[in-house]
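Q: Requesting a structural model of the entry that follows:
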Amino acid sequence: MRPFGGARIVLGVSGGIAAYKSGWVARLLAAAGAEVDVVMTRAATEFIAPLTFEALTGRAVHTDLFSPGRALDHIHLARDADALVIAPATADFLARAAHGRADDLLAACLLATTAPVLLFPAMNDAMWAHPQTQRNAAHLRDLGYTVVDPEVGALAAGEGSGPGRMPEPEIIVAHVGRVLDDASLRGRTVVVTAGPTRERIDPVRFLSNRSSGKMGVAIASAAWRRGARVVLIAGPLEVADPVGPSLVRVETTDEMAEAVRQAMPGAHALIMAAAPADFGAADPAASKIKKADGPASIALAATTDILACTVRHRPPGLVTVGFALETDHLLESARAKLADKQLDLIVANSANEPDAGFGADTNRVTILAPDGSADPIPVMSKTSLADVILDRVEALLRAR
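A: Numbering: from 1, shown residues only. Coordinates of the predicted model:
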């Protein structure tokens, strides 16, 4: 993940049951290349041992404002941090932070830092809903801190389900990545399509393809991390929904085409990473086709060509990127599509490569442009390839 290499993250842990998740947050940040300094409140040590974080990060854990020989820890930690992340942030910590208290090491770090601050509240739903907690959260946002609302989910001690659950560690790390990135797409709107579409044969059967949606989701996530407003238009995905982008779910090719048309006004980039079904049944059955009565063949009809339909609706200056997956004549087919669909870039990849294409975590592509250039990209993860593609999109945006 681009922004984490060498970043210094202070991970603050306050005293709530959600602290058990904070160990995995520390592990994910460290695995992504960050140096993680964990600061725990006294109450946090009642829920999880400091030794756990030391083992996960390989770094000393800070727990006391008055440790001998470490009186200025809060200054050094705060000054060197690239981001200060507090997860969980309990109701008590939100109250102390909102009032500028500095009565423990973590609160003192908060006052001393000029780095971006992210707080992830976690508490009982009644405590989160209390007017004083809501005022504290609003005041912290007014101070410039990012306060990410808790999720709705199962709460501690059989309290049922409600808003108060700390987000999962992967979601927290995604938010950290966004504040660490250079925000090179801030103020831009990026529309991305992902996954397959499905065309009905009868109420229980459909025509589709093996697209997982991994490439499109990776691009949407990377664009959001770079600060963009992202609209992800997705068919049925085989991967988790990404953090950040606005998700528009569709099933058929016509639904995807309409969603793209509605999302284009005001967009700066359109990246068509989806694999819409090219054909559907010419006459879908109204009821399930019985096996004994099944036809010997099903007549097919071409579906809507989404990219072709966007041409007359594209706003001025829109950067448009297409994808071409082929089994034969890859570059020739991609060049024809690049010209026919009036694209700025096309990403061509072969369905015959074992480490590329549908379902794989990696991809091997060639990026073609209207000037005749064809740039082969070596095999890499789809998350890394997303950044390669977005670097080129940003270059085109800067030139317009």
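Q: Could you list the buried residues of stretch 232-244?
A: Under the neighbour-count criterion of 16 or more other Cβ atoms under 10 Å, stretch 232-244 has L232, I233, A234, G235, P236, L237, V239, P242, V243, G244 buried. All C-beta spots, glycine's among them, are computed from the backbone N, C-alpha and C.
Q: what ranges of the stretch 51-200 of the chain fall below the confidence cut-off?
A: 69-71, 156-160 (pLDDT under 70).
Q: where along it do the helices fall?
A: Residue ranges of the helices in the stretch 51-200 of the chain, as given by DSSP state H, counting those that start in this stretch, are 73-80, 91-98, 105-112, 125-129, 131-142, 169-180.
Q: Make JSON lines from the ones you listed and add mean neighbour count to it.
A: JSON lines is the format used below for the helices of the stretch 51-200 of the chain (neighbours: other Cβ atoms under 10 Å):
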{"stretch": "helix 73-80", "mean neighbour count": "18"}
{"stretch": "helix 91-98", "mean neighbour count": "21"}
{"stretch": "helix 105-112", "mean neighbour count": "22"}
{"stretch": "helix 125-129", "mean neighbour count": "16"}
{"stretch": "helix 131-142", "mean neighbour count": "15"}
{"stretch": "helix 169-180", "mean neighbour count": "21"}
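Q: farthest pair in the buried residues of stretch 232-244?
A: P236 and G244 (20.4 Å; Cβ to Cβ).
Q: Same list, the buried residues of stretch 232-244, but as a markdown table with secondary structure please.
A: Shown next, in a markdown table, are the buried residues of stretch 232-244 (DSSP: H, G, I helix; E, B strand; the rest coil):
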| residue | secondary structure |
| --- | --- |
| L232 | strand |
| I233 | strand |
| A234 | strand |
| G235 | coil |
| P236 | coil |
| L237 | coil |
| V239 | coil |
| P242 | coil |
| V243 | coil |
| G244 | coil |
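Q: Could you dump those into CSV and include distance to I389 and pLDDT?
A: As requested, the buried residues of stretch 232-244 are exported to CSV (distance: Cβ to Cβ, whole Å; pLDDT from 0 to 100):
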residue, distance to I389, pLDDT
L232, 15, 98
I233, 17, 98
A234, 17, 98
G235, 20, 97
P236, 23, 97
L237, 19, 96
V239, 17, 93
P242, 16, 94
V243, 19, 92
G244, 17, 94
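Q: Pull the number of nearby residues for E326.
A: 17 (other Cβ atoms under 10 Å).
Q: could you measure the closest residue to it other than its chain neighbours against A18, distance?
A: Counting by Cβ to Cβ, 6 or more residues apart in numbering, E326 lies nearest to S333, which is 4.9 Å off, once chain neighbours are set aside. Separation of S333 from A18 (Cβ to Cβ, to the nearest Å): 51 Å.
Q: again, but for L368
A: Taking Cβ to Cβ, one finds L368 at 48 Å from A18.
Q: Comparing the two, which residue is more hemmed in?
A: Neighbours were counted for L368 and for A18 using other Cβ under 10 Å; A18 has more, 25 against 22.
Q: I figured the more buried one hits A122, correct?
A: Yes - the criterion here is Cβ atoms under 8 Å, and A18 meets it with A122 at 3.9 Å.
Q: joint contacts of these two?
A: By Cβ atoms under 8 Å, 6 or more residues apart in numbering, A18 and A122 have these common neighbours: A87, P88, R165, M166.
Q: out of those residues, what pair is the most spread apart?
A: Using Cβ to Cβ, the shared contacts of A18 and A122 span at most 12.0 Å, a distance reached by A87 and R165.
Q: So the two - more neighbours on which side?
A: The neighbour comparison of A87 against R165 (other Cβ under 10 Å) goes to A87, with 28 against 22.
Q: ok, that one - contacts?
A: Here A87 is in contact with 11-13, 18, 21-22, 25, 118-120, 122, 166, 172 (Cβ under 8 Å, 6+ apart).
Q: now swap in P3 and tell me
A: With contact set as Cβ under 8 Å, 6+ apart, P3 has these partners: G177, L180, D181, D182, R225.
Q: mind putting those in JSON lines, distance to A395 included?
A: Below are the contacts of P3 laid out as JSON lines (distance: Cβ to Cβ, whole Å):
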{"residue": "G177", "distance to A395": "22"}
{"residue": "L180", "distance to A395": "22"}
{"residue": "D181", "distance to A395": "17"}
{"residue": "D182", "distance to A395": "14"}
{"residue": "R225", "distance to A395": "18"}
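Q: what two of these have the greatest distance between them?
A: For the contacts of P3, the farthest-apart pair by Cβ to Cβ is G177 and D182; their separation is 11.4 Å.
Q: List the contacts of D82.
A: D82 touches A7, R8, I9, A115, P116, L180, counting by Cβ under 8 Å, 6+ apart.
Q: so what's it closest to, chain neighbours aside?
A: Looking at D82 with Cβ to Cβ, 6+ apart, the closest residue is A7, at 4.5 Å.
Q: how near is P315 to G58?
A: Distance, P315 to G58, using Cβ to Cβ: 49 Å.
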